[in-house]
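Asker: what follows is a predicted protein model with its sequence.
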Amino acid sequence: MKQGRRWVICGGACACLGLAVQGAGAAAVSDPRGRFRLDMVGSFRETMREGARAARISAAALPARGVWAVGPTEDLAGELTILDGTSLVATLEHRRVRVVEDRNARAPFLVWAEVRGWTQRPLPALADQRALEAHLGTIAAAEGLDPDGPFPFLLTGRPTEVAWHVLGGPARPPGNSAGHGGGHGGPHGTGQPLLADRAMTLVGFYSRRHEDVFTHRGEFSHLHLVTDDRALSGHVDALIPGTGLTLHLPA
């Protein structure tokens, strides 16, 4: 990420231009080899439990290529996933998932990385997401990455099974929440039918240092999925990788 980049910040009507995103940059991580730079604004804790749901960043603030990101949209109305600069928003319409490309999508919490390129290797057979996290920590050292993270990664192919959801706005009534975590007046998420053997890209961020920041408490990865036909997208709750995935790490 080049120094001096100008950002769009969202406050009120999202009309402030050319200022630094609040909270972004201070916690940025630059890979010593220049393979990626990772940054974030907001956090799980602030958004999901403390009610900070107003937009703090627009996807339009990020470069149009080479960027990968995950987070909820403002007011927890959907899920934002950015693939190589393409901003995809998943929302619910009559409990059905709708995915659209929206460069102006806004988020109260976002983690993103600018990645120079990717190296890839087959993922071994893994039982679940916890096993995936252990594998990422092990393989990171061999790739010259910090085994405690943070770093971005991708999974492509056909996982054995994925449990996932799409946020649908604040819980009604307050406290009756699902998906991204509970809490007082937490988010309302609609779990979707399990996906099995479906071609997709999973955008992930790994860290053992960012629980409640960009991973759930007790977890070390945050994953979103986008099917290859872009008909479905959302937040991954549980994953059985199986043997049909390729792992991509910053190169």
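Answerer: Everything's here; your move. Numbering: from 1, shown residues only.

Asker: beta partners for the residue nearest the centre of the chain?
Answerer: Nearest to the mean C-alpha position of the chain, counting by C-alpha atoms, centre = their mean, stands residue 70 at 2.3 Å. Beta-bridge pairing of residue 70 under DSSP bridges involves residue 81, residue 111.

Asker: test my guess that it contacts residue 87.
Answerer: No: using C-beta atoms under 8 Å, residue 70 is not in contact with residue 87, being 11.3 Å away. (C-beta placed from N, C-alpha, C; glycine too.)

Asker: measure residue 213 to residue 198 for me?
Answerer: The spacing between residue 213 and residue 198, counted by C-beta to C-beta, to the nearest Å, is 30 Å.

Asker: do the same with residue 52
Answerer: Residue 52 is 33 Å from residue 198, where distance means C-beta to C-beta.

Asker: neighbour count: the two, which is higher?
Answerer: Per other C-beta atoms under 10 Å, whichever of residue 52 and residue 198 has more neighbours is residue 198, with 17 against 14.

Asker: so that one makes contact with residue 229?
Answerer: No: using C-beta under 8 Å, residue 198 is not in contact with residue 229; the gap is 9.2 Å.

Asker: so for residue 191, what's the pLDDT?
Answerer: We have a pLDDT of 85 for residue 191.

Asker: repeat for residue 5
Answerer: Reported pLDDT for residue 5: 40.

Asker: please apply the same query to the one 4 residues further on.
Answerer: Here the pLDDT value assigned to residue 9 is 37.

Asker: residues contacting the closest residue to residue 54 other than its chain neighbours?
Answerer: Excluding its sequence neighbours, the residue lying closest to residue 54 (C-beta to C-beta, 6 or more residues apart in numbering) is residue 108, at 5.9 Å. Contacts for residue 108 (C-beta atoms under 8 Å, 6 or more residues apart in numbering) come out as 42, 46-47, 52-56, 71-72, 74-76.

Asker: do residue 88 as well
Answerer: 80-82, 99-102, 226, 230, 233 are the contacts of residue 88 under C-beta under 8 Å, 6+ apart.
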